[in-house]
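Asker: fold the following for me, if possible:
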Amino acid sequence: MSEIKFVDTSLRDGNQSLWDATGLKTGMILSLAPEVERAGYHAVDLVASTHMQTAVRYHRENPWEKVRLASKAMPNTRLCFGTTGRRFIGFKRSPDAVMQLVYERMSANGIRRVWLCEAALEMDSIVKNARMSKKAGIEEFMVALCYSISPVHTDEYYAEKTREITQCPDVDTIYIKDQGGLLTPDSVKTLVAAVQPNLNGRPLEIHTHCNTGLGPLVYLEAIRSGVDRVHTGVPPLANGTAQPSIFNVLKNIKHMGYTARLNEESLKNYSAQLMEIAKKETRPAGVPLEYDLAYYKHQVPGGMMTTLRRQLSEAGKEDHLEKVLEEIVTVRKELGYPIMVTPLSQFVATQATMNVVLGERYKMIPDGIIEYLAGYHGAPPAPVAQNVLDKIYNWPKTKKIMEQEFPQPSVKELRKQMELGPEVSDEEFLLRFAMGDDEVDKMLTATRKRG
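Answerer: Predicted coordinates for the structure are as follows:
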């Protein structure tokens, strides 16, 4: 295995981790597209629900149009959409009919590859989403092994989950998703060795962040261990809390005797154009970070750390960050060690922030925490602390959420409830379902004004 393939994360994860998912508008992506198309990537990570929300709320752009135009501009590139499989935009759980329609519209607009981030690695959800994705015409369905450190999340845990997942015929690829940048050269070696025997013929990819400064070294050890697909970014949307720089990884694998079929001139042009965007928009460039042991405790993902800092700053509580991070460690343990990945990481961080800011632990309990305990996102990996369960069960909303059965209306029924006629497209319906009429109306007004 001498050829290494690269998946570009600049437009999606780099943008999210370093620019809070607000940095790239449709026109910018289209200006970058020719060089991205010529670069020779195995795939390009384009969009997830966060970016679709950003397009509507902050840029007043139609995210479906962004996907459609990007796929036309990069017809030979596998563009990727990422999802948790349980929701579309925001944290509201979506009925299966809605998720089926999401996959259908993604496929119709040129998305060829889908990655599923199923935090609890619950097989029913994985099988259902894989089947829906294939029914919609998606070429490649990937499942993320979301890496975490806890008494539950051992190498053996991930080996067994891989064995279960690869029994599903609709799953094409497995990838190790280290959203917290927690892997080390030693731990990735044992993790890959544990997972590989259970791949059942599937390829294995790896995705990490540079939060602790070890990302590039983790990739080199993963490659030595047999992983031949790596996720990298292009400066300025690399390093920092994003993925390792493709230039660093590419240079080092050549010294190791590996090759990559990439157009390096296009990669340089791609990077130069992104640098111009960063300069014009006064956006920061990702820089290598020093080793930070704190990440192994709080395990906050790269993109979420940027958002958490912004939200605390907007509330005038930026000096509370360290206390919130300490509280995250405690809350996560109390809640049975949920993997710190969307949406569970947001639920844990929200609860921790409330605990710190209000000065009393569990004085307020967000719906997401109750829904987590109700099994909306799979079962907790470990038992939840009894004193915390008691507080949550005594919260006024808990009984109603716990007892209600999650409804599964059809798209036709939802359209009727929302009073949407046939003139409203499926794409507009999905945005209105997830974000509400006000946000979508403002987006449509803005797009009409732009012509």
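Asker: quick one: least confident helix or strand in this protein?
Answerer: Using mean pLDDT, DSSP states H and E, helix 302-314 stands out as the lowest-scoring helix or strand of the chain, at a mean of 79.
Asker: any idea which helix or strand comes after that one?
Answerer: helix 321-334 (DSSP states H and E).
Asker: tell me what angle that next one forms with helix 302-314.
Answerer: With axes from the mean of the first three to the mean of the last three C-alpha atoms, to 10 degrees as the basis, helix 321-334 and helix 302-314 are set at 130 degrees to each other.
Asker: quick revisit: list the helices and strands the least confident helix or strand of the chain packs on?
Answerer: Other helices and strands packing on helix 302-314, by 3 or more C-beta pairs under 8 Å, 6 or more residues apart in numbering; DSSP states H and E, are helix 15-19, helix 321-334, helix 344-358. (C-beta placed from N, C-alpha, C; glycine too.)
Asker: out of these, which one sits most buried?
Answerer: helix 15-19 (a mean of 27; mean count of other C-beta atoms under 10 Å).
Asker: now that one: mean pLDDT?
Answerer: When pLDDT is averaged over helix 15-19, the result is 94.
Asker: other residues contacting it?
Answerer: Contacts with helix 15-19, where a contact means C-beta atoms under 8 Å, 6 or more residues apart in numbering, come from 21, 23-24, 48, 50-51, 209, 236-237, 240-243, 283-286, 302-303, 306.
Asker: so for residue 451, which of the helices and strands packed on helix 302-314 sits nearest?
Answerer: Proximity to residue 451 (C-beta to C-beta) singles out helix 15-19 among the helices and strands packed on helix 302-314, at 25.8 Å.
Asker: circling back: ok, and what's touching the least confident helix or strand of the chain?
Answerer: With C-beta under 8 Å, 6+ apart as the criterion, helix 302-314 contacts 13, 16-21, 50, 179-181, 209-211, 240-242, 300, 318, 320-321, 324, 342, 345-346, 349, 353.
Asker: how far is it from where the chain is centred?
Answerer: On the basis of C-alpha atoms, centre = their mean, to the nearest Å, helix 302-314 sits 16 Å off its chain's mean C-alpha point.
Asker: now the angle from it to helix 344-358?
Answerer: Angle of helix 302-314 versus helix 344-358, following the same axes, to 10 degrees, is 20 degrees.
Asker: in stretch 177-184, what's buried?
Answerer: 177, 178, 179, 180, 181, 182, 183 (16 or more other C-beta atoms under 10 Å).
Asker: ok now the longest helix seen in the chain, how far from the chain's centre?
Answerer: Across the chain, the helix with the greatest residue count (assigned by DSSP state H) is helix 264-280. Its chain's C-alpha centre and that of helix 264-280 lie 24 Å apart, by C-alpha atoms, centre = their mean.
Asker: stretch 359-372 too?
Answerer: Here the centre of stretch 359-372 is set off from its chain's centre by 23 Å, with C-alpha atoms, centre = their mean.
Asker: first-to-last residue distance for it?
Answerer: 23 Å (C-alpha to C-alpha, to the nearest Å).
Asker: can you list contacts of it?
Answerer: By C-beta under 8 Å, 6+ apart, stretch 359-372 touches 91, 93, 335, 338, 343-344, 346-347, 350-351, 354-355, 358, 377, 380, 388, 391-392, 395, 397-398, 401-402.
Asker: buried ones in stretch 370-384?
Answerer: 370, 371, 372, 373, 376, 377, 378, 380, 381, 384.
Asker: repeat that for stretch 59-76.
Answerer: Per 16+ other C-beta under 10 Å, stretch 59-76 contains these buried residues: 59-64, 66-71, 73-74.
Asker: and those, which two are furthest apart?
Answerer: The span of these, defined through C-beta to C-beta, is set by 60 and 74 at 23.8 Å.
Asker: could I get the buried residues of stretch 59-76 as a markdown table with pLDDT and distance to residue 38?
Answerer: Listed next are those as a markdown table, based on pLDDT from 0 to 100; distance: C-beta to C-beta, whole Å:
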| residue | pLDDT | distance to residue 38 |
| --- | --- | --- |
| 59 | 96 | 26 |
| 60 | 97 | 31 |
| 61 | 97 | 25 |
| 62 | 97 | 27 |
| 63 | 97 | 25 |
| 64 | 98 | 26 |
| 66 | 97 | 21 |
| 67 | 98 | 20 |
| 68 | 98 | 21 |
| 69 | 98 | 18 |
| 70 | 98 | 15 |
| 71 | 98 | 16 |
| 73 | 98 | 12 |
| 74 | 98 | 10 |
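Asker: that concludes my questions; thank you for your assistance.
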